[in-house]
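K.L.:
this one's structure only:
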């Protein structure tokens, strides 16, 4: 039983360059802890004190977990999880 986890480019150095890894079903936070056993350091970049960091978005089968059950969202065999760092920035231009 596995869960497919998509890893963003900034974290791929922890997964030996892998864009996609496998995890075990459970909850989102238990999945993060499991990933850290295989790829040390990934948990601290995704979560803090058992909560997903504010600027990290996690999607379960294309649904934002913030609108589900957050860190306690159930992850089942065959699910796909995407870790997406929030991106901010841009420029402020006047439109004429």
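P.N.:
Perfect, I can see it now. Keep in mind that this is a model prediction, so the values were computed, not measured.

K.L.:
count of neighbours near residue 14?
P.N.:
By other Cβ atoms under 10 Å, 19 other residues sit near residue 14. All C-beta spots, glycine's among them, are computed from the backbone N, C-alpha and C.

K.L.:
tell me which element it falls in.
P.N.:
Using DSSP states H and E, residue 14 sits in no helix or strand.

K.L.:
For residue 67, see how far away it is.
P.N.:
Distance, residue 14 to residue 67, by Cβ to Cβ, to the nearest Å: 27 Å.

K.L.:
and what of residue 57?
P.N.:
11 Å.

K.L.:
of the two, who's got more company?
P.N.:
Using other Cβ under 10 Å as the criterion, residue 57 and residue 67 rank with residue 57 on top: 17 against 8.

K.L.:
A strand includes that one, no?
P.N.:
Yes: under DSSP: H, G, I helix; E, B strand; the rest coil, residue 57 falls within a strand.

K.L.:
Give the burial count for the spatially closest residue to it that is not a sequence neighbour, as a bare number.
P.N.:
In space, and not counting its chain neighbours, residue 57 is closest to residue 84: 4.5 Å by Cβ to Cβ, 6 or more residues apart in numbering. Close neighbours of residue 84, defined as other Cβ under 10 Å, add up to 12.

K.L.:
per-residue confidence at residue 86?
P.N.:
The model reports residue 86 with a pLDDT of 82.

K.L.:
for it, what are its contacts?
P.N.:
Taking Cβ atoms under 8 Å, 6 or more residues apart in numbering, we find residue 86 in contact with 54-57.

K.L.:
Let's see the distance spanning stretch 48-58 from one end to the other.
P.N.:
14 Å (Cα to Cα, to the nearest Å).

K.L.:
outside of that stretch, which residues touch it?
P.N.:
28-29, 32, 45-47, 64-66, 70-71, 81-86.

K.L.:
In ChimeraX, select just the buried ones from those.
P.N.:
To isolate the buried members of those in ChimeraX, using 16 or more other Cβ atoms under 10 Å:
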select :28,29,32,45,46,47,65,71,81,82,83
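
K.L.:
Let's see which of the contacts of stretch 48-58 end up in strands.
P.N.:
If you go by DSSP state E, the contacts of stretch 48-58 have 47, 64, 81-85 in strands.

K.L.:
Having no further points to raise, I will conclude here.
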